[in-house]
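Visitor: Attaching a predicted model along with its sequence, questions to come.
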Amino acid sequence: MTRSFIAAAAALISLTACQPGPEGPEGTTRDTPGEAFSDIAPRETVTFTGTEPFWGGEITGETLTYSTPENIDGTTIPVERFAGNNGLGYSGTLDGQAFDMTVTPGECSDGMSDRTYPFTVTLQIGDEQRNGCAWSESKPFSGPANP
């Protein structure tokens with residue numbers, strides 16, 4: 001196994017080891033120490049993007065669409081969501097390979113636009129790791145709408 005795969009797996013395990021906290025307003029969980037991450041509600045849409053190579057997509061509920069310039073319409077897969085202490089993990093299978101993505105709070109730049117995103121993304125597809133940015137309905141990016 002590669003070192004990056006082991007690091008991504010360790011990050012995902014730390015997220016999945018935590019159990020969701022009590023329900024809060026509008027389907028969110030309370031954000032107190034030891035309870036699950038609550039900045040993104042379970043039914044909220046999360047949009048993600050990355051470069052080198054270009055990739056992106058969105059997650060709504062238990063459905064994720066992943067797209068690239070070669071597949072603009074994207075591929076839709078079912079995913080499981082895990083809420084940890086400091087972020088979310090999504091896992092599924094894409095084209096026969098493990099697909100594991102973590103979304104954690106932190107200012108993020110795609111390096112190509114004047115946008116600032118509220119979340120960072122680490123994506124592991126098979127043995128390949130990618131890094132990117134994300135935003136949600138309740139926590140949008142700041143900057144121009146069309147970069």
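Guide: Cool, the structure landed.

Visitor: ok, and for whichever helix or strand G92 is part of, which residues are buried?
Guide: Per DSSP states H and E: G92 is located in strand 88-94. Across strand 88-94, burial judged by 16 or more other CB atoms under 10 Å covers 88-92. Bear in mind the C-beta positions are built from the backbone N, C-alpha and C, glycine included.

Visitor: same question, stretch 67-86
Guide: Of the residues in stretch 67-86, 67, 77, 79, 81-84, 86 count as buried by neighbour count, 16+ other CB under 10 Å.

Visitor: pretty sure C133 is touching F119, no?
Guide: Yes. In this structure, C133 is within contact of F119 by CB atoms under 8 Å, at 6.7 Å.

Visitor: Identify the contacts common to the two.
Guide: When contacts are counted by CB atoms under 8 Å, 6 or more residues apart in numbering, C133 and F119 are jointly contacted by C108.

Visitor: tell me the SS of E52?
Guide: Assigned by DSSP: H, G, I helix; E, B strand; the rest coil, the conformation of E52 is coil.

Visitor: so how far is R43 from it?
Guide: According to CB to CB, to the nearest Å, E52 and R43 sit 32 Å apart.

Visitor: The spatially most central residue of the chain: what's it in contact with?
Guide: Compute the mean C-alpha point of the chain, and by CA atoms, centre = their mean the closest residue is V103, 3.6 Å away. V103 makes contact with 40, 46, 48, 87-90, 119-121, 134, according to CB under 8 Å, 6+ apart.
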